[in-house]
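Peer 1: what's the 3D shape of this:
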Amino acid sequence: MSMSHKVKIQSLGFITHDVIQVQTDKPANYSYTPGQATEVAMDLEGWRDEKRPFTFTSLPDEGFLQFTIKIYPDHDGVTDRLQRLEPGANLLLEDPWGAISYQGPGVFLAGGAGVTPFIAIFKDLARKGQLAENILLFANKREKDIIMESQFEQWLGQDFINILSEERSPKHAQGHIDKDFIKEHTTQTDKYVYLCGPPPMMDSVQADLHALGIDQNKIVTEDLS
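Peer 2: Numbers count the residues shown, from 1 in each chain. Modelled structure (predicted):
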């Protein structure tokens, strides 16, 4: 039976035009692995059953929890309401879950907010000095949508590669993560492939990986359907 944990918001602020970082207290004996997520609800009348999956972007041994959350003003209202919470407000968390965890060096493919499981993984690798041989291909609509761009550049340098679907930029590729783009940046087909993004992207990229002959057992992904 999943436990519910009440945590207090310590801080909340925007890191891009539509992404916030929320830091909360951490319950005692609450453990997870980098890449995992939990269901989060607001401790407000009428909102307690409105749970949404958010990924931890803090590390397990830090004394707080952090979530990096994309705001959808026109959706169901949860993230839109969440961005207006003040420090001191409570969130309700379930137990951690999630299948994405680091298995070894590989290629990370992310679409938009799908990059969040990779934030904690790279943070962990940076601390352990194990970032080498990892590549992040990150798809967004526009340059302003790129989450934690300078941090990923610091961690990965040339191995942080962006592609934009709705904007032309001299420093980024244009289009979507497709077979050609993956092939261009992946020389070895025996490395791990980590994949997280919106369902349509996940489906098309899975098909591309299959077409490229990537072993299904080497694909690390989260089925959020």
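Peer 1: which outside residues touch the strand ranked longest in the chain?
Peer 2: The single longest strand within the chain, with elements called by DSSP state E, is strand 5-16. The contact list for strand 5-16 (Cβ atoms under 8 Å, 6 or more residues apart in numbering) reads 20-27, 30, 43, 64-65, 68, 83, 85-94, 144-148. Glycine gets a C-beta too; all of them are placed from N, C-alpha and C.
Peer 1: Am I right that residue 79 is in contact with residue 67?
Peer 2: No - at 10.7 Å, residue 79 does not count as touching residue 67 under the criterion of Cβ atoms under 8 Å.
Peer 1: Run through the residues that contact residue 20.
Peer 2: Going by Cβ under 8 Å, 6+ apart, the list of residues near residue 20 reads 12, 13, 14, 68, 69, 71, 82, 83.
Peer 1: Over to residue 118?
Peer 2: Neighbours of residue 118 in contact, by Cβ under 8 Å, 6+ apart: 35, 108, 110, 136, 194, 196.
Peer 1: Next, the nearest residue to the last one once chain neighbours are set aside: secondary structure please.
Peer 2: Excluding the flanking residues, the one nearest residue 196 by Cβ to Cβ, 6 or more residues apart in numbering is residue 114, at 3.8 Å. Three-state call for residue 114 (DSSP: H, G, I helix; E, B strand; the rest coil): helix.
Peer 1: Would you agree residue 45 falls within a strand?
Peer 2: No - going by three-state DSSP, the assignment for residue 45 is coil, not a strand.
Peer 1: quick one, strands of the chain?
Peer 2: 5-16, 19-25, 37-42, 52-55, 64-70, 90-93, 106-111, 135-140, 160-164, 173-174, 192-196, 219-221.
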